[in-house]
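*Asks:* using only what follows, build the 3D model:
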Amino acid sequence: MLTQRQALILKNIIRIYTQTEQPVGSKHLMNELPIQVSSATIRNDMAKLEEMGLLDKTHSSSGRIPSISGYRYYLDHLLEPSDVSSNDLAIIQQTFNQQYQMIDDIVEQSATILSTLTSYTAITLGPDVQDIKLDGFRLVALGNHQVMAILVTSAGTVQNQIFQVPESISGEDLEKAVRIINDQLVGQPLAVVAKRIQTDVPQMLMKYVSSPTGFLDIFGDVLKKAGSDHFYVGGRLNLLDFANNDVSSLKTLYSLFEKNDDLANLLRLPDFGTGDSDKIMVRLGDELTPHTLRNYSLITATYDVHNHGRGVIALLGPTSMPYSRIIGLLDLIREELARRLTDYYSNFDD
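*Replies:* As a prediction, the model looks like this:
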């Protein structure tokens, strides 16, 4: 453990460095500390912190910068989240204060707000889909053997997709199949629906529909889309501001944002049964994979929508984030997001 003075020096070096992005020297630090201490004493303590691996010395000056280990110590032992400013609070409330047609719009809006306020890249994931149920399914004929499949869930989400219908399937067969799906599957969780279209539903359809396979492909595709994790990324271009012209790293990051499985692995979705699931988690350096993220920090928080599951909100930025402000801001936005989603769901629960 550090002495009280060493901890104070480390904390202030991190604060100054995140503000200036410049190495911090002993004379500068002497004027910033809330205690009176000589420049020589500060240099001695800075040297000890460097020996511990908590500070790095640059080649260009005698100043020090925080190391990854220094940030880790700060996050684990010294961090005190700051209150959200009145200006940030007003922006959050004003931006959220609108009518939403779908739950996904609220989740996406939270990513936009967070990325705008921080100038970093925000990632949000909607609540669990395990309890979401099928509310209805229909097909709309578009002509030229094309139909639009529309699936509505109990969460208020609407998924639609256009398909080319095989010529072997008649319009009458499609209508029969839709009626069977709605009679047999509406009101059931999406996971149950997905299982049943692999087991007993095909047998039911074969009694009334001459060619059920093509229809099941249509229904299965749009169901898979509705039941998948919905990630939203805000501020992708913000990565350009702190990527240090590392084109290879940027390509890897942008490819991550295109695949839900990769994003889920990046966020390391927490076990919601544990007591740690409510904590805001910060990972940086070698704690992140792939290796191209070694110069980044990822802050992850969960939000609770009561009976409708939990979601995740995260922020990706440089290791030199102003963590005190960012964590306080993330905590408030996740609370506001949970409140907005709870209000939205109440319209369907009544």
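
*Asks:* can you list the domains in this structure?
*Replies:* 4-78, 86-129+229-349, 134-227 (automatic domain parsing).

*Asks:* so what's the residue count around Ala40?
*Replies:* Counted with other Cβ atoms under 10 Å, the neighbours of Ala40 add up to 10. Every C-beta, even on glycine, is put in place using the N, C-alpha and C of the backbone.

*Asks:* just use 82 as the starting number from now, easier for me
*Replies:* Taking 82 as the first residue, the last one we looked at is Ala121.

*Asks:* for the protein, which element, helix or strand, carries the lowest mean pLDDT?
*Replies:* Of all the helices and strands that make up the chain, helix 293-308 has the lowest average by mean pLDDT, DSSP states H and E, namely a mean of 76.

*Asks:* could you list the residues in contact with that one?
*Replies:* With Cβ atoms under 8 Å, 6 or more residues apart in numbering as the contact definition, helix 293-308 has outside contacts at 210, 213, 215, 218, 220, 228, 230-232, 234, 238, 240-242, 244, 246-247, 249-250, 254-255, 258, 262, 271-272, 274-275, 278, 282-283, 286-287, 290.

*Asks:* drop anything exposed from those residues.
*Replies:* Judged by neighbour count, with 16 or more other Cβ atoms under 10 Å as the criterion, the buried members of these are 210, 213, 215, 218, 220, 228, 230, 232, 234, 238, 240, 244, 246, 250, 254-255, 258, 262, 271, 274-275, 278, 282, 286, 290.

*Asks:* continuing past the helix or strand where Ile97 lies, what's the next helix or strand?
*Replies:* In this structure, Ile97 is located in helix 85-101 according to DSSP states H and E. From helix 85-101 onward toward the C-terminus, using DSSP H and E, the following helix or strand is helix 107-113.

*Asks:* any idea what Gly217 is bridged to?
*Replies:* Taking DSSP bridges as the rule, Gly217 bridges to Val233.

*Asks:* check what pLDDT it gets.
*Replies:* Looking at Gly217, its pLDDT is 90.

*Asks:* that one: what's it in contact with?
*Replies:* By Cβ under 8 Å, 6+ apart, Gly217 lies in contact with Leu232, Val233, Asn263, Val267.
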